[in-house]
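[1] take a look and give me a structure for this.
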Amino acid sequence: MVTGIFFVVCEVLLISGVAKVMAPLTTQSALSSVGLPSSIVLVRSLGVTEVALGVLGILLGGTYLPIFIGALFAFFTIFIVLTLQNGQVVSCGCFGATSSPPSLLHVFANLLFMVIALLAIGVKGLSDVLDEKPANGILFVLVILLGALATYLILAFSSRKWGKKESL
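    Alright, predicted model coming up:
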């Protein structure tokens with residue numbers, strides 16, 4: 001069960017990374033407004049790192065990749081807390097150009113993703129998982145793809161409604 005949820009988390013990381021590489025300005029602005037380094041090169045490098053960790057997490061699993069992924073989500077949690085305390089950040093930049101204000105939903109999701117990643121230490125990669133359940137492989141892949149899409153939609157769009165009213 002943790003494996004499938006971990007793959008969903010990796011896919012969300014992958015989506016987030018692609019968005020930052022394609023449209024880095026929103027993330028750059030969010031980082032800058034809380035006093036963190038914020039060059040376009042840095043934002044795109046972060047995006048590439050997210051893509052790499054997301055893909056490798058799904059393909060390889062293992063011991064160290066979930067730790068790195070968990071650490072990245074710990075950083076994202078701290079960043080969102082800083083943006084909420086700042087109160088001036090219009091969009092967190094989590095998904096590139098998608099205007100998604102920082103919210104407590106993002107804090108909760110990042111903490112949850114961090115815990116899931118750490119619980120996934122030792123998971124097998126996708127091909128090994130599919131080898132163990134050949135009859136259910138297509139359904140498994142479909143469920144993790146839909147899970148990632150649903151998670152992205154919730155994080156990218158529902159916080160628009162919540163984002164302005166929340167603070168820490």
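[2] for the residue nearest to T77 when sequence neighbours are not counted, give me its contacts.
    Distance criterion C-beta to C-beta, 6 or more residues apart in numbering; nearest residue to T77, sequence neighbours excluded, is N110 at 4.1 Å. All C-beta spots, glycine's among them, are computed from the backbone N, C-alpha and C. If you count contacts by C-beta atoms under 8 Å, 6 or more residues apart in numbering, N110 has them with 73-74, 76-77, 80.
[3] what about the chain, any weak spots by pLDDT?
    97, 159-168 (pLDDT under 70).
[4] which residues in it form strands?
    Secondary structure of the chain (DSSP state E): strands at 61-62, 123-124.
[5] chain center to the first one: distance?
    Put plainly, it is strand 61-62. 17 Å (C-alpha atoms, centre = their mean, to the nearest Å).
[6] try stretch 139-147
    17 Å.
[7] just the C-alphas of it, formatted as CSV.
    Presented in CSV, the C-alpha positions along stretch 139-147 are these (Å, rounded to 0.1, in the frame of the first residue of the first chain):
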residue,chain,number,x,y,z
LEU,A,139,-5.0,-1.2,-12.8
PHE,A,140,-2.2,-0.3,-10.3
VAL,A,141,-0.6,2.1,-12.8
LEU,A,142,-3.9,3.6,-13.7
VAL,A,143,-4.7,4.2,-10.0
ILE,A,144,-1.4,5.9,-9.3
LEU,A,145,-1.7,8.1,-12.3
LEU,A,146,-5.2,9.1,-11.3
GLY,A,147,-4.1,9.6,-7.7
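[8] just to revisit the earlier point, wait, which of the contacts of N110 is closest to L119?
    Closest approach to L119 among these (C-beta to C-beta): F73, at 12.3 Å.
[9] and for that closest one, nearest residue in space, chain neighbours not counted?
    Using C-beta to C-beta, 6+ apart and skipping the chain neighbours, the partner closest in space to F73 is M114 (3.9 Å).
[10] show me the contacts for the one you found.
    Neighbouring residues of M114 by C-beta under 8 Å, 6+ apart: 70-71, 73-74, 77.
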